[in-house]
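K.L.:
Whatever this is, show me its structure:
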Amino acid sequence: MGDARIYVTRRLPEVAMRILEQAGAVKVWTEDLPPPREVLEAEIAEVEGLLCLLTDVVDEMLLCRARKLKVVSNMAVGYDNIDVGACTARGILVTNTPGVLTETTADLTFALLLGVARRITEAERFLRAGQWETWSPMLLAGQDVYGAIIGIVGMGRIGQAVARRARGFDMQILYASRSAHPEVERTLGARRVQLEELLRNSDFVTLHVPLTPETRGLVGERELRLMKSTAILINTARGPVVDEVALVRALREGWIAGAGLDVYAQEPIAADHPLLKLDNVVLLPHIGSASVKTRTRMAVMAAENLVAALAGQLPHSVVNPEAWGDRGRP
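P.N.:
Next up is the predicted model:
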């Protein structure tokens, strides 16, 4: 066992904990809710490794207290909860867990897409409320997915996984991305277009971009008004990519037909949020990667990244390799 001190902001699967314990003494916040800020500030002062979640804000103020910190291992693909620049300036590595949740998140994306299109949750509420009295020709009639046009915004790992699923539904695939993906175009028949054309033509628009200054508010009133009145918006990326005020108006006033959301501007979503009052939106509590297998793999990767960094080895997935410097070199 090593002599490093490690702080973990939530309980992890036992297999991940055993990996961490190889590197040193591990302290875990065992409550279901994230550790309060004052707890995190106190704990960060003496640890060499921090394993955290998206719910934990690692900012300049916190890092000022981190006198010995060498690595911040985020159990997520995204890392908008971490001030990466401030970490880099201090020589602190930031790692994430890409790849392992790709297929699981793509599954969830398609579950949302199908759920909104076929009004699944709305139909279940209808049945459970005792409102089903007879078969009716147009009762809870939704939209076809097979053969429809899907617009994928962001053609990274998850976007490509969604495109593969769309191909199985014989959908026409449009995509908007900073760079072209010839292989995706060749194998799946996808066509790269500008965002405006994608919005105008797609029956389903699904978002798969990271949260950056450029993507914050990417889909606002203008973009929503460009979409078909029969279109459905899916967001399993990050909440702030969509202007929620504009989205509520779009759903209320029929600019678009519906939406499926797994992420929100503020999480958890407030109990009085107007989205909760709308029937034409399916809402999930940020469970894109929530399968037992995937969450376990994420925890293991996060643990392995942290242990590698503390051992002077370059971790599998480093967000800021420039912070590595001369460490580990002969």
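
K.L.:
and residue 293, which of the three is it?
P.N.:
Secondary structure for residue 293, judged by DSSP: H, G, I helix; E, B strand; the rest coil, is helix.

K.L.:
can you pull out the helices in the stretch 201-330 of the chain?
P.N.:
With DSSP state H, counting those that start in this stretch as the criterion, the stretch 201-330 of the chain has helices at 221-226, 244-253, 292-310.

K.L.:
Contacts only, for residue 92.
P.N.:
63, 66, 69-72, 323 (CB atoms under 8 Å, 6 or more residues apart in numbering). (C-beta placed from N, C-alpha, C; glycine too.)

K.L.:
Take those residues and keep only those in helices.
P.N.:
Of the contacts of residue 92, the ones assigned to helices by DSSP state H are residue 63.

K.L.:
could the contacts of residue 92 go into JSON lines alongside neighbour count and pLDDT?
P.N.:
Shown next, in JSON lines, are the contacts of residue 92 (neighbours: other CB atoms under 10 Å; pLDDT from 0 to 100):
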{"residue": "63", "neighbour count": "19", "pLDDT": "97"}
{"residue": "66", "neighbour count": "22", "pLDDT": "96"}
{"residue": "69", "neighbour count": "23", "pLDDT": "97"}
{"residue": "70", "neighbour count": "20", "pLDDT": "97"}
{"residue": "71", "neighbour count": "25", "pLDDT": "98"}
{"residue": "72", "neighbour count": "31", "pLDDT": "98"}
{"residue": "323", "neighbour count": "20", "pLDDT": "94"}
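
K.L.:
Could you find which two of the contacts of residue 92 are furthest from each other?
P.N.:
Of all pairs drawn from the contacts of residue 92, the one with the longest distance (CB to CB) is 66 and 323, at 13.4 Å.

K.L.:
Of the helices of the stretch 201-330 of the chain, which is nearest residue 281?
P.N.:
Taking the helices of the stretch 201-330 of the chain one by one with CB to CB, helix 244-253 is closest: 5.8 Å.

K.L.:
Quick check: which of the helices of the stretch 201-330 of the chain is buried the most?
P.N.:
Ranked by mean neighbour count under mean count of other CB atoms under 10 Å, these are led by helix 292-310, which reaches a mean of 22.

K.L.:
Quick one: closest of the helices of the stretch 201-330 of the chain to residue 97.
P.N.:
Here helix 292-310 is closest among these (CB to CB), at 4.5 Å.

K.L.:
is it true that residue 25 lies in a strand?
P.N.:
Yes - under three-state DSSP, residue 25 sits within a strand.

K.L.:
so what's it up against?
P.N.:
3-6.

K.L.:
Of these, which is the most crowded?
P.N.:
Counting neighbours by other CB atoms under 10 Å, residue 6 leads the contacts of residue 25 with 24 neighbours.

K.L.:
Tell me the residues that contact both of residue 66 and residue 323, please.
P.N.:
Joint contacts of residue 66 and residue 323 (CB under 8 Å, 6+ apart) are 90, 92.

K.L.:
was I right about residue 35 contacting residue 43?
P.N.:
Yes - counting by CB atoms under 8 Å, residue 43 is a contact partner of residue 35 at 7.4 Å.

K.L.:
residues near residue 45, how many?
P.N.:
14.

K.L.:
Does it touch residue 64 like I think?
P.N.:
No - using CB under 8 Å as the test, residue 45 is too far from residue 64 to be in contact (10.0 Å).

K.L.:
Cool, thanks, signing off.
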